[in-house]
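*Asks:* I'll drop the sequence and a predicted model, then ask my questions.
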There are 4 protein chains.
Amino acid sequence: MRISQDQIAALNAVKLEEQAAAYTHLAGQLEREGFDPGQLVRKVREFQVAVPSWALGAGGTRFGRFSQPGEPGSLEHKMEDVGLLHSLSGAAGAISLHIPWDIPQDFAAIRQLAASLGLVFDAVNSNTFQDPKGGRASYRYGSLSATDAAARRQAVEHNIEVIRIGEKLGSKSLTVWLADGANFPGQTNFQQALAHTTESLQEVYAAMPEAWKLFIEYKPYEPNFYSTVIPDWGTSLMLAEACGPRAYTLVDLGHHLPNTNIEQIVATLMWKGRLGGFHFNDSKYGDDDLTVGSIKPYALFLIFSELVYGLMNNPQNPVPAWMIDASHNIKDPLEDLLQSLEAIREAYAKALLVDRRALAAAQQAHDPAGCQELLQHAFRTDVRPLLRQARLEAGAALRPLETYRILEVRRELTRERGAGSVATGL
Amino acid sequence: MRISQDQIAALNAVKLEEQAAAYTHLAGQLEREGFDPGQLVRKVREFQVAVPSWALGAGGTRFGRFSQPGEPGSLEHKMEDVGLLHSLSGAAGAISLHIPWDIPQDFAAIRQLAASLGLVFDAVNSNTFQDPKGGRASYRYGSLSATDAAARRQAVEHNIEVIRIGEKLGSKSLTVWLADGANFPGQTNFQQALAHTTESLQEVYAAMPEAWKLFIEYKPYEPNFYSTVIPDWGTSLMLAEACGPRAYTLVDLGHHLPNTNIEQIVATLMWKGRLGGFHFNDSKYGDDDLTVGSIKPYALFLIFSELVYGLMNNPQNPVPAWMIDASHNIKDPLEDLLQSLEAIREAYAKALLVDRRALAAAQQAHDPAGCQELLQHAFRTDVRPLLRQARLEAGAALRPLETYRILEVRRELTRERGAGSVATGL
Amino acid sequence: MRISQDQIAALNAVKLEEQAAAYTHLAGQLEREGFDPGQLVRKVREFQVAVPSWALGAGGTRFGRFSQPGEPGSLEHKMEDVGLLHSLSGAAGAISLHIPWDIPQDFAAIRQLAASLGLVFDAVNSNTFQDPKGGRASYRYGSLSATDAAARRQAVEHNIEVIRIGEKLGSKSLTVWLADGANFPGQTNFQQALAHTTESLQEVYAAMPEAWKLFIEYKPYEPNFYSTVIPDWGTSLMLAEACGPRAYTLVDLGHHLPNTNIEQIVATLMWKGRLGGFHFNDSKYGDDDLTVGSIKPYALFLIFSELVYGLMNNPQNPVPAWMIDASHNIKDPLEDLLQSLEAIREAYAKALLVDRRALAAAQQAHDPAGCQELLQHAFRTDVRPLLRQARLEAGAALRPLETYRILEVRRELTRERGAGSVATGL
Amino acid sequence: MRISQDQIAALNAVKLEEQAAAYTHLAGQLEREGFDPGQLVRKVREFQVAVPSWALGAGGTRFGRFSQPGEPGSLEHKMEDVGLLHSLSGAAGAISLHIPWDIPQDFAAIRQLAASLGLVFDAVNSNTFQDPKGGRASYRYGSLSATDAAARRQAVEHNIEVIRIGEKLGSKSLTVWLADGANFPGQTNFQQALAHTTESLQEVYAAMPEAWKLFIEYKPYEPNFYSTVIPDWGTSLMLAEACGPRAYTLVDLGHHLPNTNIEQIVATLMWKGRLGGFHFNDSKYGDDDLTVGSIKPYALFLIFSELVYGLMNNPQNPVPAWMIDASHNIKDPLEDLLQSLEAIREAYAKALLVDRRALAAAQQAHDPAGCQELLQHAFRTDVRPLLRQARLEAGAALRPLETYRILEVRRELTRERGAGSVATGL
C-alpha cells in the first residue's frame, strides 16, 4: 500500500485555513522574539529520523506478545511501512536494517524500492544476542567479549558481513549493540571481557570502509542482569578511542540507570566529538522502549537542547545518526511511530527556540531563575503549527495520525498481508 | 514592603495589548474545542496555594548554606513575603506555619496582619525532628514512635500545642511529618514503632477540634537512611484509618522511591477519600526540593490530571490542602516561589483542558494512542495567556517574575531588613 | 530418573567425618551462646519451600532464550524434577502448579506420583497475562481489571477453574498475579481499574472453599511499563481487606522499586496478620529473577529476621507459603534451584541465631551499634554445617550440588527426555 | 587519652583461649583448602585504612544534628581519636586531613604527635564547597568549574595551598572532590564547565611535587540536585587522562546512581591503571554515608574481590589510598569507625579466600553456578578468628568494640574535653 500525494493533499485541504491562522499567529510571535519562522520550518523539515526494520511489528515481553494484524512479513513490506510513515510525516526518510533478520535477496531491487519511497539506508545493525541458524559457536556466554575464541571469531565475522551488506545498500555506518555480560557475580572476568571486546571491535573497525563510522552502544543491564560488558558511556568512549577516530558512542535513551542525567552525557560526548548515534524512545522504569516523549517530554527537550548546542558549537562532532528504537507492545506500530516522530520534531523545534545568547548571559550572570525561564519559555511554546507547516511544505500530512486513521491504513495492510502476518524482530 | 495595586497596574498596562491578543487567540481555540474560557479563567483564579513560613529564606544542604540577603527575620516579615507573592501572583493566598519556628506573640495582631495581606492560615506543622530548647526528652531516637515513653509524651503534647496555636489563627488542619526511623538494620523494632506511632497519632487526633483534619505525611528516607516509620502511602493510609474519618494522607511529591507512579497513588487515595494534603516541589534524585515543574512538568500534569478527575468524581474526598514545600538553595526564594506558583497553575490549567468524555471513550475503546493524543494535546497547549488573564482579573501581575525584578523587591527588602537577616527554617 | 537414598548415603559417607567435625565445632559455639543446636537443626529441616512447575526449564528474556537439554516436557517430568531436588536437598517438599500450563489429565495418578516423591501441592497459580487458546475474550487490555466485561468474566471464571483444579490436588490456596496495567499515561482509568479488580477478586474469593486462602501479588511494572493495577503492598492489602479475612498479600522479592526496604513491608504485613505468601528470588535492577541470595544475601537475612520475628510474635498471621520464583536463563535450572534452596535455608538459620532478647534490650537502650553487632554476629556465623546436618538427618545430600554433578543428573535427564525437550513456562 | 598496650593485653588475655581454639579450627580448614593461614593473617594485618579528620564528630543532615559528647575540638584531639582507633584495631594507621578545617599550627609538633601514635598522613583534602572566611570570591556558583574567573583562581590557589600543607606533613596525594554543578536545567553550560574544570585541574596537577598523585572524585548529585560537574567515573577518568599519568580516579562507594555495578567500575579502572583512591561507606538510598558493610556486605566483598584481583594482576595500578568516609549521625563516631574497620578487613580477608585458579577455570568452562559457589564459599566463611589473630599479633584488641566499651573511652573523652566540645566537619 502506498499513500498518494493527492490523497494527502485532499485531506490537508480541509485543515488549511485553520493551519494558516495558527501558523500566522505563531510565526508572528516568533518573529517578535527575533526568529525567522521560515528558517525554523526548513530546519524542522530537514530533520529526518531512521526507522528500524525490526520495529514495524508488535513487540513483546518475556511474558508474551499480543500480535498485530497486517504486520510486514518481508523486508519489502517493512520498507513499504517506512514509506507510509514518510509519506504521512515527511520525517522518516531512512531505514535501519537488522542483520540477519533483513538480509536483502536482490540488492538492486531493494535499493530501487528504497529510492522510489524516498528512503536511504542508515546504519546497519548486527545481532550477536541470538544464535545464528547453523552457527558453529553459541553466543550464550558472549560474543565479541566471549572467553571462547570461536564465538568471538564468529561474532567478528558476522559484523564484517553486516558491513559488506551495508555497503551494497549505501549505508555508511555500523551499530554494534552487545548483549554480552553476566547474570551472576563471578561469572565473567571483567578485565578479560573488556580486553576481548576491545580486540574484537578493533578488528571490526579495521574492516570498515574509509567513509564508514562505527557506533558502539552501551546498556547497563538486560538481557544480562548482573553486568554487561559495555554498561555506560564511559566504557563505550574508552572502546571508541581504542578503535580509532571513526568510532563513536551511541546513546539509547532507555539504556541508563535510574535518574541519570542524559543531557549531560550528550554534552560531554559532543565536546569530545564522539557522539555518533542516537536511539529515541521513552521509559519510566528500565529499557521500557515506549513511544518517544510519552513519559518525560521535558527531559527529551533538555537532551535536544544539548544536541542543538552541540550541532552549533562542536564541528568536530558529526551529525549523529537519529533512529527510533521502541517496542510496540499494545499500540499499532505505525501509529506509535507517528507519535514518536512528532515528539522528536517537537523537542527539536523547541530546542531551536532557546535564546542561546540570553541563556549564555544568564549563565554568566549567575541567574538560575532566568536560565530556567528561558528554557521553559521555549518548552511552553506550542510549536505544533510549525511542525505542521514543515509537513505541509514537504507534501506530507498536516495531521499524520488522523490521516492514517481516515485512510484506514491498518485495515488495508491487513487486507493485503493477512491478519496473521508476523514481522521478525523483538 | 508592600506592592500596591497601582504599581502592578502600571506595569501591566504596557503588556495589556499583547495579552489581549494572545488571550483572544487562545480563547478562540478553546471555544472551538468546547470549553468556556471565562470559566477556566475563574477556576485558575480560585486555585490558591499555601506558602510555608520556613521556605522564605535560603535553604541548605548538609554541606552548607549560602545565605540570601534580605531574608525575613520574623514571622511578620515572612507574612509580608507571602503577601508580596500573593500581590504579584494572585495565587498565594495562604500561609502554613511551622511550630516552634513561628509561634506568634500577639495572635490578634498576626490575624489582622494576615487579613490585611489577603492571607488565611492553612495547615499548621509540628516539628519533632529537632530537639526543643529545654525539652525534657530528646527526639534523637524518635518522637511519636519512640521506645522512650517520655519522648512520645513530649511529642504528643507538642502536637497538641500546635493544634491550640492553629486554633487561635483560624487553621483547620495539622500536618504531621515524622522524621522517625532508623539509620541501621536492627536499630528499631518495626512493629513496635508502628504500634507506638498509631497510639500517638490517635491521641493527637483525639485532641483535634471537630472541624479539623489530620494530615499524615510519608517519606521513604532522609534524615534516616535505613528506614522511616511512615515510609509510604500504604502505611500513612493504615494510620489514617486507625485514627478516624478526619485523618488523611498527605502526598509530598519528593517523598518517593525512584520511578514511583505518583499519579496512581493520588488516584487510589482519592478513590478512598483519603487524600488530605499535597506538597509541591520537583526532584531528580531524592527529596531534592527543587522548584515545582523544573524537572518533570509532564509528570506534574499527569498528577494534576488525576487531581482534577478526583475533584470531579470523588465527593467523599475533601479538596486537598495545597502547599509548596521546596528548598531555595541558590535562587532567590521569592523568585523560586513565583516560578513554582506559575508551574502549579499551569499544570492545573492543562489538566482542566483534558477532554474527559473523549478520554473515557478512548479508554473504553482500547485506544492507547488516542488516549495519549488527548493528554498530550492538553499538555502541549500553551496556557500562559489564560494564567495571565486570571491574574489580570485578580489585580495581580501579568508577569510576576518580571514585575518582581522591575520593582527591585529583593533590593528593597535587603535595604529594609539588612543583608545579614536570616530566616529560621531548613 | 530418581535418586535413591542409597546413592545419596554412599556419597555422603565420604564426607561424614568432615561434617561431624564441623558440626561439633559449630554446635559447641552455638551452645555457648545459649542455643540448642538440635532444635535449630530440626527447625531448618522442617523448613520446606515450594518449587513452581514453570521454573524447571530454561528461562528467557524478550531478546530470546537459550534452551537447556533435558527439560521436563510434561507435568510428570516436572514433578520428577522437583522430586530430584527434594531428594538432594530435603527442602523442596512442595510443588506449585501453573494453570493452564500444567493441568493434570489424571488427578489420582498425579496425586499418587506426588505422594511417592514426598511432595505436596502448594498454592495454585492462575494465568491471565496470556490469552487462552480459544478464549472468547483477550487479556491484551486487562483481565480482572479490564473495562471489557467479557474479559473480566472470563478471567474470574478461569480463576475459579484453577481453584477447582487445586481442590482435586489438595492445594489450599490460590495465588493471583495480575499483569494488568497500562503502558501509557491515560490508557486506563486508575480508579475504574481498581474498582473492577476489587469486584473481580471478591468473586474469586467467594468461590474459594472455606479452608482456602487467596494470595494477592503486587508488582510495580513489567510487562506493563507505565502502571500496574496492583503496584505495591498498600494496594494489595487494600484489596485483601476488601475480600475478607482469608485474603492475604503475597510478597515477591523482585517486585519492588529501587531501594525499597522489603523487610519493613514484611514486618508491617505480619503485624496486620496479612502476609500470606512469599516468592523468593534475587535481583540487582528490576524483576531479574536471579538465584536467591546471589546478589543481596544480607538483605535476604534481614527479611528472614523479620519473618522469624513475625512467626514468633504474630499468631494472627499464618505461616506464609514459601516458594521460589526465579528464571534460569543460563544456569541449569536444577542447579540454580539447589543454590536457591541453600540460600533460603541459610538465611533462615542465621535469622534463628539472632539473640532476640539482647536485640530488644539494645533497641530499648538506644544502642544502634550494639543492635548492628547482634545482627551481624548472626549473619557472619557460618551455618553451613548446621544446614548439612539437617539434610543428613533427613536422608538428603550433605552437598546437594556436588552430588547432583557426581550423579550426572542432567546427562541422565537428557538421555531420558532428549536434548530438545522444552518446558512450558517463561 | 591513650590506651596502653598493657590495658589491651589484659583484656585480650581473657579471650585468648577462645581465640586460639577458633583460629586453630579456621586455620585447619584454610590449610585443607590450600591457603597459608599465617600469610593471610599477615596480609590482613598490613591492610591499613585512613580515617578522615572530619569524621570524628557527630554528622548531621540538612534537618539538623544531634551532637555527641566528647567530640574532638582540635586537630590534636582528632589525631588522638585516630590513635585510639589504631590502638584498638591495628587497622587505622593513617589520617587524612581536610583543609581548611584542620590546618596545623606547628607542623613539627603535629608530625611528632602522629609518629607517637603510629600514624602517617594520607591524602590531603581541599574544600571548595563552602566559602572560605574572608575569601574574595564565592563558590556559590562553582569553584574549579566556575564561569567566574576569580572563583576559579581562588579555588586553584586553595588546592595548591593544600598541597603545600600536605608536603609539610609527609602526605603524597591530593584528593579533589568538587561539589560544583547545577540545581536546575540550563543553569550551567555543561561543556564550558567541563573545559574550565579540565584547565583548573591541570593547573593543580602541575603544582604537585613529582612524587604526588592527584585523586579526582566523582559524584552524581548532592549538594547540587540537577547535575554535578564530575558525575561519574567516565568523566573523572577523562579528566585524569587530561592531567597526566599521576592523576587518578577516586571511587567513593556512596557516589553512584541506584543499582550501579561498582565492582565493574573498579575492575575497569584498575585495568586502565587509574584507580587511585577509595572511600568506604555504605548506603541504601543515596550518599547515606552509613557504617561500612552495614547494608550491603556482599557487594563490598565483590568490590574487594576485584580490588584483590587488580592488586595481583594490574602492576600499572598503584595500591589505592584506602579511607573511610562516613557520617556518624546517631552512633558514637568511634564505635562507628571500629565497626567500619572491621567490615573492611572482613571483606578483604574473604576476597583473599577466593580460589582464583578455580574461578578462572569455571569462567572458562562457562559454569556460572560453579563461579557462584566459589565466591559464596569465600563469603560464607567466618573469617573473624583470622581478623582477631591479625590484631592479636599487632598488639591490638581481640574485640575492639567491646574493649572500647569496657575501657569507657567515650566517658573519659567527655571528661577530658567536655560534653559540649564540637568537631569541625559535616
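*Replies:* It's in.
*Asks:* what about the nearest residue to A:S340 once chain neighbours are set aside, how many neighbours?
*Replies:* Distance criterion C-beta to C-beta, 6 or more residues apart in numbering or on different chains; nearest residue to A:S340, sequence neighbours excluded, is A:V292 at 3.8 Å. The way it works is simple: take the backbone N, C-alpha and C, and place the C-beta from them, glycine included. By other C-beta atoms under 10 Å in any protein chain shown, 27 other residues sit near A:V292.
*Asks:* Now do the same for A:Q389: helix, strand or coil?
*Replies:* Under DSSP: H, G, I helix; E, B strand; the rest coil, A:Q389 falls in the helix class.
*Asks:* So the residue nearest to A:S340, which state does it fall into?
*Replies:* The three-state assignment at A:V292 reads coil, by three-state DSSP.
*Asks:* Is it in contact with A:F301, as I believe?
*Replies:* No. In this structure A:V292 lies outside contact range of A:F301 using C-beta atoms under 8 Å: 11.7 Å.
*Asks:* how close does A:Y285 get to chain D?
*Replies:* Between A:Y285 and chain D the computed distance is 11 Å (C-beta to the nearest C-beta, to the nearest Å).
*Asks:* Can you tell me how far the closest residue to that residue other than its chain neighbours is from C:N183?
*Replies:* Closest residue to A:Y285 apart from its sequence neighbours, by C-beta to C-beta, 6+ apart: C:Y221 at 4.5 Å. Look at C:Y221 and C:N183: by C-beta to C-beta, to the nearest Å, they are 10 Å apart.
*Asks:* quick one: which of those two has more around it?
*Replies:* More neighbours surround C:N183 than the other of C:Y221 and C:N183, with 26 against 23 (other C-beta under 10 Å).
*Asks:* residue contacts, the more buried one?
*Replies:* Applying C-beta atoms under 8 Å, 6 or more residues apart in numbering or on different chains to C:N183 gives the contacts A:288, A:290, A:329-331, B:368, C:224-226.
*Asks:* same thing with A:G181?
*Replies:* A:G181 is in contact with A:142, A:188, A:221, A:224, A:226-229, A:231, counting by C-beta under 8 Å, 6+ apart.
*Asks:* would you list those residues in CSV and tack on secondary structure, distance to A:I324 and pLDDT?
*Replies:* Below are these laid out as CSV (DSSP: H, G, I helix; E, B strand; the rest coil; distance: C-beta to C-beta, whole Å; pLDDT from 0 to 100):
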residue, secondary structure, distance to A:I324, pLDDT
A:G142, coil, 28, 97
A:T188, coil, 32, 98
A:Y221, coil, 22, 98
A:N224, coil, 24, 98
A:Y226, coil, 29, 98
A:S227, strand, 27, 98
A:T228, strand, 22, 98
A:V229, coil, 25, 98
A:P231, coil, 23, 98
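*Asks:* how about those residues, which pair is most distant?
*Replies:* Within the contacts of A:G181, A:G142 and A:Y221 form the most distant pair, 15.2 Å apart (C-beta to C-beta).
*Asks:* Hmm, the residue nearest to A:Y285 is touching A:K284, no?
*Replies:* Yes. Applying C-beta under 8 Å, one finds C:Y221 in contact with A:K284, separated by 7.1 Å.
*Asks:* Find residues that contact each of those two.
*Replies:* Common neighbours of C:Y221 and A:K284, using C-beta under 8 Å, 6+ apart, are B:N259.
*Asks:* Buried subset of the contacts of A:G181, written for PyMOL?
*Replies:* Buried members of the contacts of A:G181, defined by 16 or more other C-beta atoms under 10 Å in any protein chain shown, are picked up in PyMOL with:
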select buried, chain A and resi 142+188+221+224+226+227+228+229+231
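*Asks:* Quick one: the contacts of A:G181 as a markdown table, columns for distance to C:A179 too.
*Replies:* Formatted as a markdown table, these follow (distance: C-beta to C-beta, whole Å):
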| residue | distance to C:A179 |
| --- | --- |
| A:G142 | 31 |
| A:T188 | 32 |
| A:Y221 | 21 |
| A:N224 | 23 |
| A:Y226 | 25 |
| A:S227 | 28 |
| A:T228 | 26 |
| A:V229 | 31 |
| A:P231 | 29 |
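*Asks:* Go through the contacts of A:G181 and name the one nearest C:A206.
*Replies:* Distance to C:A206 across the contacts of A:G181 (C-beta to C-beta) is lowest for A:Y221, with 42.2 Å.
*Asks:* can you tell me which residues contact that closest one?
*Replies:* A:181, A:227-228, A:231, A:286, C:284-285, C:288, D:259.
*Asks:* Which positions in chain A make contact with chain B?
*Replies:* A:25, A:258-259, A:261, A:284-285, A:291, A:293-299, A:330-332, A:335-336, A:339, A:346, A:368-369, A:372-373, A:376, A:379-382, A:384, A:401 (C-beta under 8 Å from any C-beta of the partner chain).
*Asks:* what's the most centrally placed residue in chain A in contact with, if anything?
*Replies:* By C-alpha atoms, centre = their mean, chain A has its centre lying nearest to A:M323, at 1.6 Å. By C-beta under 8 Å, 6+ apart, the contact set of A:M323 is A:49-52, A:94, A:96, A:122-123, A:277-280.
*Asks:* and if we set it to 10 Å?
*Replies:* The contact partners of A:M323, by C-beta atoms under 10 Å, 6 or more residues apart in numbering or on different chains, come to A:49-52, A:55, A:94-96, A:122-123, A:125, A:175, A:215, A:250, A:252, A:277-281.
*Asks:* Check the secondary structure at it for me.
*Replies:* Of the three states, A:M323 takes strand according to three-state DSSP.
*Asks:* how near is it to chain D?
*Replies:* Distance of A:M323 to chain D, computed by C-beta to the nearest C-beta: 23 Å.
*Asks:* how close does the residue nearest to that residue when sequence neighbours are not counted get to A:G166?
*Replies:* Leaving aside its sequence neighbours, A:M323 sits nearest to A:A50 (C-beta to C-beta, 6+ apart; 4.3 Å). Counting by C-beta to C-beta, the separation of A:A50 from A:G166 is 13 Å.
*Asks:* Give the intersection of the neighbour lists for these two.
*Replies:* In terms of C-beta under 10 Å, 6+ apart, A:A50 and A:G166 are both contacted by the residues A:96-97, A:121-123.
*Asks:* was I right about the residue nearest to A:M323 contacting A:S96?
*Replies:* Yes. Using C-beta atoms under 10 Å, A:A50 makes contact with A:S96 at a distance of 4.4 Å.
*Asks:* So those two - more neighbours on which side?
*Replies:* A:S96 (29 against 26).
*Asks:* so where's chain A shaky on pLDDT?
*Replies:* A:425-426 (pLDDT under 70).
*Asks:* Name the nearest residue to A:Q48, ignoring sequence neighbours.
*Replies:* Closest to A:Q48 by C-beta to C-beta, 6+ apart is A:G93, at 4.0 Å.
*Asks:* wait, doesn't that neighbour sit right on A:G118?
*Replies:* Yes. Counting by C-beta under 10 Å, A:G93 touches A:G118, with 6.0 Å between them.
*Asks:* ok, these two, which is more surrounded?
*Replies:* The neighbour comparison of A:G93 against A:G118 (other C-beta under 10 Å) goes to A:G93, with 22 against 16.
*Asks:* Return the residues in contact with that one.
*Replies:* A:46-51, A:82-83, A:85-86, A:117-120, A:122, A:394 are the contacts of A:G93 under C-beta under 10 Å, 6+ apart.
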